[in-house]
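**Q** Fold the following.
(4 chains)
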Amino acid sequence: MLRIVNGRVYDPANNIDGEIRDICVSDGKIVADVPPEARSIDARGMVVMPGGVDMHAHIAGPKVNLARKLIPEDHRRDPHPRVGLMRSGAGGSVPSTFATGYRYAMLGYTTVMEAAAPALGARHVIEELHDTPIIDKGFYALMGNNVLLMRLIKEGRKDAVRNTLAWWLNAAKAYTAKIVNPGGVEMWKSGSNNVTDQNSTIESFGITPLQVVDALSLAVDELGLPHPTHIHCNNLGHSGNYTTTLETMRVLQGRRAHITHIQFHCYGGKLGGKPTSKAAEIIEYLKNHPETTADVGQVMFGDAVTMTADAPLSYMLHKLSGGKWVNADVENETGCGIVPFVYQDSNYVHALQWGIGLELFLLNQNPWQLALSTDHPNGGSFMNYPRLIKLLMDRDFRNQEIKKVNQAAMKKTVLLDDLQREYTLREIAIVTRAGPARLLGLKNKGHLGAGADADITIYEEQADKEAMFSTPRYVVKSGKIIIEDGEFRADHGGRLLHVMPAYDPQIEEVIKPFFDDFYSIQFENYAVGDEYLHEHEIVPTLR
Amino acid sequence: MENTDKRIIENATCTFCGCVCDDMILTVEGNHITQAKNACVLGKAWFSEHTVEQRPFALIDGREAGTDEAVEAAAQVLANARFPVVYGLSDTTCEAQRQAVAIADYIGASIDTTTSVCHGPSGMAFQGAGESTATLGEVRNRADLVIYWGGNPAESHPRHFTRYSVTPKGMYVPNGRKDRTVVLVDVRQTPSAKVADIFLQVKPRADFEMLWALRALVKGKPVDPSIEEITGVSLHAMKDLVQRMKSCRFGVLFFGMGLTMTRGRHYNSGALLALATDLNEFTHFVAKPVRGHGNVTGADNVVSWQTGYPFAVNFSRGFPRFNPGEFTTVDLLARAEADAALIIASDPASNFPKAAIEHLKRIPTIVLDPKTTVTTSVAKISFTTATYGINTGGTVYRMDDVPISLRPAFPSPYPSDETVLRAIKDRVRQLLGQTA
Amino acid sequence: MAETMLLIPGRTSKQGTSLNAGKLGAEYIEVTTTVEINSDDMARLGVKEGDAVRLSTEVGECVVKCKARKPSDLPAGMLFMAYGPASSQLVGGETQGTGMPLSKSFDVQVERVA
Amino acid sequence: MSLHLTLRQQPDVPLEAETLSPDRLAGLDAAAAAALPVMHGNRKAVVADFFDVAAAAGTDDLLVLEGDLSRVKRIGESMTRGLILIKGNAGMHVGVDMRGGEIVVEGDVGDWVGAEMLGGRIVVKGNAGHQAGSVYRGGHKGMLGGELFIHGNAGAELGNSMRRGLIAVGGACGDFAGVNMLAGTIIVLGEMGWRACAGMTRGTVVGMQGARVLPTFTFDCVYRPTFLRMLLLHLRAQGLPVTDAQIAGEYTRWSGDHISLGRGELLLLGDSR
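**A** Down below sits the predicted model:
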């Protein structure tokens, strides 16, 4: 039991905006009150927020581990020593599992979603997540290039699509369906490079990417998943791709949809030419369509590792960087590409990407609709979050940084207009916790009302927001004090968050023959058994 | 009590080699697998020979002991060691591997797996430039050009041809074998050559030059005619191969230890990986090392996710460091640096270089193995453990990183590797004062 | 008279099946102490099928039995044997900073054991 | 005041002693130096556990190490100034990440000497191990500057991914000298192993005893490069066994590696066509 007293509480989900009030904890949950003998934390001069929620990061599973193996030179610069009872690890852009969990906790984050994993590798993802301490976690299963689903979509079998999708999410113990460059990855694997846009035909299937997005999103809605389809649109990174993004969003209007790392999908200009910013157009669309949500995918200067199911994109990046490249095709489901990358502030494109991310944050008026992410480690490590928060909260700092980067790029943005906007602590609490928790449909996360999970971060108020958000004084996870006075005091496992949507078991008669013909493992050995779950929580569907 | 009923276990997995075939139909009678349907010759031997043998649970200095006593003795050795090494791990479950890495972390050991003496060089090549690869189902569904280089799957991975890469019918190769061209490159005419449409016999120790020449030809760069003398392969044959590689729809290069164990090592693997990468300029091309032991790929994965590095990891300074040649087991032993060893499910005393074996005999060694081996016979402390996949469940990773759950056939009286390692881990943490 | 030849230790089916029976078993030992030699080379060395030859390198030696292979299957000057304790005796501990000893395609001295 | 450390006790397991560097020892008296930490395997130890430490008159920036230090790693890591004189052998990673100053090893030295060094000079009177002046696994840039002189033989992957600087070897070297080299110069007076310069983009490798030239290199010309004469005179002044024939001789220039950029050169003494 625990009582946090005298802290200024930011709990936007419960309309609490900087009030001094007590937060009480019992049995891992927030409660209305605790007996006087409960341990008390004096949070005078401190800010109390729900634990951070990262709805889009790449932290576990086959592609992450390939990336880890790929970059010993990066780990070597940033060891993570064993402290006390905890495990050691390697840091850098793609930390080892233990280091990932500890470092998220060190920033006050307590829930993180792995944003793209093949269902075929689900056991791998879950084993890694089990070795990722402190945080609660889940993962999105890649479905946008699933051959069986594309066949069923082509055949117009809506019920079969829904049931197949539900079977697959159950089998993988995933959190939602992820769509990555629908159709494009399948085209890459068949040697045809990529789809050209959202309306081009996916070879061998005779359907378009938009049909895939439409059908899968409909199925997810019908299943009532707590989080809608999580969509990485076609043409990521290409100049002129904002029209693809807008058209993808339009096909979904009226239904829930989440467009991820939208910064990478906001570019004007001609294909193959220099990109320009279309952040304003995208924000305008979001303003008029509250049912559509997004996370930013901010680029931060310095080392990154691009890792994506969007394998043709990865090949393009390899051609640009000339460096290491990994491609890993996954049978019938998806692909994978990895390219280590450095974002340079002097580079026009990189600076523009950085600028567009900031534009999105600063032009957007509804923080509930747009979550903070760097698409870790694609736009940069999650360790950049405190610096990103400072860019949002501190106009002088931001203007000073804007001066340091490629000015031709800045001229293509509104950033040189000395935007007045400074995020408040309430808004930061929304984009880093309350908002993503709501978008994920996690009713017990991202707020401090009675019944919520006791995931709490306490920061010392400081003028330098980067310093403030880099070193929380206390981090409480499921009611346990993990960090106290900036130091680790306890370890914690964290639990797997997953869904179990209902489906008609007859669908196995459709799925099993496909496995017999085209998979290299047995249908009966595909689904992840309950023995992999350890601590877990089935997040209920909405219907 | 021994269960003498006859039982059938379907969809069981064979963990003998890296193919990790999961379509076994096992007939189990008591402590015997009397039939292993779908298994290859190696798999049949694997299943039929792994019965429960009457062996002591443990031996300490040759004296019979219980598991608990041996755990205590092992923990004492490891907690007192200054530069111990944890090695092996390719024939056990990921669950056991996770415990082994934890032990290495807590005691400040080096951890290394049999990868370092099989495809470790390929891992180093991967770190240099990456690779283009695919799961075996993609090969089955798409590959119309299959090249094996420096390996003899007919004997080492008998079902590789029939299950994944040569004969099966696939989505885009509906006629199976007829839709594929198969090439073998090797220094001798192995039994695998029978399967190939084209066999290219390269001179020993000239693989690098041949791969380099193929890369140059793919890129349209000049190749000196001396290549024919160096490799024993005509330029005409190389150009023909290059033409096939560039014009196929989906090509795959499988490679074996004929590259990694010969002069050139990681640069041989690297040249092959680079060749596959280069070919993506023209078509879709992937490469894949044909991994040996049942869960060596799991070992790579577990060590990577827990430490950031795939093998040759040292924890003596309280965090992982990676350096093949420095923290690889052969080197730690051959240079007489390691002062204790924990060996799980492998037999270095049989297959390491002589100098390494001699040092292994000098230091206190702890061994976990279901069978007696040369290594168990030189151990200070040896544990008899259950056989993974036959007696214990758990996770293994196929050579293409696909994780598969095991369906054990019958229980063993002996503990699993995971159980023993967990007990050692808990005890060394106590001894080192690392418990709360 | 010793001759220099090139040795390739590798896997074989028989080695694979017999190791399941036990690495200390007679069959495994038999399989891993047999070397395949080109029949022309055997004739020149003056050895017959089943005769013993001594293989040696700078680091060690082993005595193994000969098995003839057609010259079309095994080129002149090349030896093949299944990996095992015998072949390990010939392998040096030097890995050249890689962790991998030179375990295939290395030179050995071959001589008939009287 | 200079410090003289004599190895008294051979470590049971490797000793990691990056503290043995003028940057860390300058200004310390013998007692303070003796108390500095080293790692003996996974245990903390101090310099005095293994070394007798004595101070002598002279410059602060001189550190003399005496004995068979072949199990002592990381001597002179990241050093920026001063001189380390090793009277005996030294272990792995001598002078890695070095920025300035000089290290002289009178005996042999282990693997990775001068790996990823940026400046300064390392002189090895005996033999060096593998990957001298090289990159560590996964990295792209090896030696970034400075000079590495090995009077004896060097092992494999000499100057792997070298980006700048000079490496000279008086004896032979192993396979893959100058592999993936980006720029800089490597001169090998003895025999070179196989596959020198594989994957090189730019830079110069000079061999005096011929070499197996990779099939992806092309012949350019036979000539007498002026820069080489000056460089060889410089090496001779350093005590490397450069002959008059090498100074006066003509060299065959091969360019490559055409697998990559192809702007590198392999210069072999004599007409090696």
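**Q** which other helices and strands contact the top helix by length along chain D?
**A** Among the segments of chain D that qualify as a helix by DSSP state H, the longest is helix D:226-237. Counting contacts by 3 or more Cβ pairs under 8 Å, 6 or more residues apart in numbering or on different chains; DSSP states H and E, helix D:226-237 packs against strand D:185-188, helix D:244-248. All C-beta atoms are positioned from the backbone trio N, CA, C, and that covers glycine.
**Q** so which of these is the most packed in?
**A** Highest mean neighbour count among those (mean count of other Cβ atoms under 10 Å in any protein chain shown): strand D:185-188, with a mean of 26.
**Q** Sheet partners, orientation included, of the next helix-or-strand element following that strand?
**A** Later in the chain than strand D:185-188, the nearest helix or strand by DSSP states H and E is strand D:204-207. Using DSSP bridges, strand D:204-207 pairs in its sheet with strand D:185-188 (parallel), strand D:264-269 (parallel).
**Q** Please enumerate residues in contact with the last one?
**A** I take that to be strand D:264-269. D:178, D:181, D:196-197, D:200-211, D:213, D:217, D:220, D:225, D:228, D:245-246, D:249-257 (Cβ atoms under 8 Å, 6 or more residues apart in numbering or on different chains).
**Q** and of the strands paired with strand D:204-207, who's closest to D:L5?
**A** Nearest of the strands paired with strand D:204-207 to D:L5, taken as Cβ to Cβ: strand D:185-188 at 32.3 Å.
**Q** on that earlier part again, can you list the strands paired with strand D:204-207 in JSON lines and add mean pLDDT?
**A** Supplementary listing: the strands paired with strand D:204-207 in JSON lines, determined by pLDDT from 0 to 100:
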{"stretch": "strand D:185-188", "mean pLDDT": "98"}
{"stretch": "strand D:264-269", "mean pLDDT": "97"}
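**Q** So which of these is nearest B:T283?
**A** strand D:264-269 (29.7 Å).
**Q** Alpha carbons of that closest one, as PDB, please.
**A** Extracted in PDB, the C-alpha atoms of strand D:264-269 (Å, rounded to 0.1, in the frame of the first residue of the first chain):
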ATOM      1  CA  GLY D 264      42.600   1.300 -54.300                       C
ATOM      2  CA  GLU D 265      46.100   0.200 -55.400                       C
ATOM      3  CA  LEU D 266      48.300  -2.700 -54.800                       C
ATOM      4  CA  LEU D 267      51.900  -2.000 -55.600                       C
ATOM      5  CA  LEU D 268      54.200  -5.000 -55.900                       C
ATOM      6  CA  LEU D 269      57.900  -4.700 -56.200                       C
END
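**Q** Give me the secondary structure label for B:V302.
**A** Under DSSP: H, G, I helix; E, B strand; the rest coil, B:V302 falls in the helix class.
**Q** and if you look at A:K63?
**A** helix.
**Q** these two touch, right, it and A:D310?
**A** No: assessed by Cβ atoms under 8 Å, A:K63 is found out of contact with A:D310, at 11.0 Å.
**Q** Can you give me the distance of A:E128 to B:L89?
**A** 17 Å (Cβ to Cβ, to the nearest Å).
**Q** same question, A:E222
**A** From A:E222 to B:L89 the distance is 45 Å (Cβ to Cβ).
**Q** So for these two, which residue has more residues nearby?
**A** B:L89 (33 against 16; other Cβ atoms under 10 Å in any protein chain shown).
**Q** Next up, phi/psi of the more buried one, please.
**A** phi 80, psi 0 (degrees, to the nearest 10).
**Q** re the thing from before, now which of the contacts of strand D:264-269 would you call buried?
**A** By neighbour count, with 16 or more other Cβ atoms under 10 Å in any protein chain shown, the contacts of strand D:264-269 hold D:178, D:181, D:196-197, D:200-201, D:203-208, D:211, D:213, D:217, D:228, D:246, D:251-257 as buried.
**Q** From what I see, B:C248 and B:V146 are in contact.
**A** No: B:C248 is beyond contact range of B:V146, at 9.4 Å (criterion: Cβ under 8 Å).
**Q** Need the residues touching each of those two.
**A** What both B:C248 and B:V146 touch, as defined by Cβ under 8 Å, 6+ apart, is the set B:T181.
**Q** Show the backbone phi and psi for A:R151.
**A** phi -60, psi -40.
**Q** Look up how far A:L169 lies from it.
**A** 18 Å.
**Q** Now do the contacts for the one residue in the stretch 251-400 of chain B that gets nearest to chain A.
**A** Nearest residue of the stretch 251-400 of chain B to chain A, counting by Cβ to the nearest Cβ: B:G308, 2.8 Å away. Contacts for B:G308 were tallied using Cβ under 8 Å, 6+ apart; they are A:68, A:72, A:75, A:89-90, A:92, A:94-96, A:99, B:320, B:322.
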